[in-house]
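Novice: No sequence on hand, only this structure:
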């Protein structure tokens, strides 16, 4: 595209040109499988075939199969709605959390209120900064200093409205249910101070490769979730958890177009998602 064409191009023209020239899509979502690691606080994923091929055969020989799934909305890769966490009985808008859930749905702050995202994404590869590229130590708290140093090292300052993804390296353990949930070992992640640092940069959403966007201490489980309080209740930042981030890090991709669209489940506290990182081939 010439300079004259570029100057006269609309945003849509530029987007379509990028697609035409070639893009690479990184899938940041986990496959949904029976028995996958999950928080013990949520209903497990289950999948079955109530109708199989051959159960009913049409006159022309055709047949169809179909599925049923059950799962919690915070299982697998998912996004937390602002209705997910309260503090001292209040949600982010100051409403009474119990009253807001009357009827079994959060009409004002449910997952259906989360707009689809198409935003600048930034990956902060913290283990690379710490000199432990495979991953952070179990139970390690990622500090504001770690986050600032990583953004500086990568040359990826965080801007208002960005989506910031924190790689701890813990995703490498996803194939081992007990190791990934880390009840005994603890799980690395951002604590209260790191969450405040992130919120001060005004991101639209944050995400991580761990079971919870938290530093979980050995034996503590999900007993305390200060980062959730800061982000979901106090500062209005969405959280995406259980993400796949190692491929981005391995390819040195620290900045990208981030795409995410939640299921519009009316009144739900969260939604399964399949987030994408999109970059140009060039």
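Specialist: Yep, it's here. Keep in mind that what you see is a predicted model, and the values were worked out from it rather than measured.
Novice: The nearest residue to residue 169 once chain neighbours are set aside and residue 216, how far apart?
Specialist: Of all residues not flanking residue 169 in the chain, residue 135 sits nearest, at 2.2 Å (C-beta to C-beta, 6 or more residues apart in numbering). C-beta coordinates here come from the backbone N, C-alpha and C atoms, glycine included. Separation of residue 135 from residue 216 (C-beta to C-beta, to the nearest Å): 14 Å.
Novice: do residue 54 as well
Specialist: Distance from residue 54 to residue 216, by C-beta to C-beta: 47 Å.
Novice: Likewise for residue 169?
Specialist: According to C-beta to C-beta, residue 169 and residue 216 sit 15 Å apart.
Novice: likewise residue 56?
Specialist: To residue 216, residue 56 is 48 Å away according to C-beta to C-beta.
Novice: thinking again about what came up before, and residue 135 and residue 216? Which one has more around it.
Specialist: Between residue 135 and residue 216, counting by other C-beta atoms under 10 Å, residue 216 is the more crowded of the two (26 against 20).
Novice: so who does that one touch?
Specialist: Contacts of residue 216 were listed using C-beta atoms under 8 Å, 6 or more residues apart in numbering, and they are 139, 182, 186-187, 189, 210, 222.
Novice: can you give me phi and psi for the closest residue to it other than its chain neighbours?
Specialist: Nearest non-adjacent residue to residue 216, counting by C-beta to C-beta, 6+ apart: residue 187, 4.1 Å away. Torsion angles at residue 187 (phi, psi; degrees, to the nearest 10) stand at phi -130, psi 130.
Novice: ok, how many other residues are close to residue 187?
Specialist: Neighbour count for residue 187, taken as other C-beta under 10 Å: 28.
Novice: looking at it, it is touching residue 210, isn't it?
Specialist: Yes - counting by C-beta atoms under 8 Å, residue 210 is a contact partner of residue 187 at 5.3 Å.
Novice: What separation do you get for the residue nearest to residue 216 and residue 145?
Specialist: Distance, residue 187 to residue 145, by C-beta to C-beta: 20 Å.
Novice: cool, residue 162 as well?
Specialist: Following C-beta to C-beta, the distance that separates residue 162 from residue 145 is 20 Å.
Novice: Same check on residue 22?
Specialist: Residue 22 is 38 Å from residue 145, by C-beta to C-beta.
Novice: When the two are compared, which one has more neighbours?
Specialist: Counted by other C-beta under 10 Å, residue 22 and residue 145 do not tie: residue 145 has more neighbours, with 12 against 9.
Novice: residue ranges with poor pLDDT in the chain?
Specialist: Applying pLDDT under 70 to the chain flags the ranges 1-8, 282.
Novice: quick one, helices of it?
Specialist: Using DSSP state H, the helices of the chain run over 3-8, 11-21, 97-100, 126-130, 144-154, 177-181, 192-200, 226-228, 246-250.
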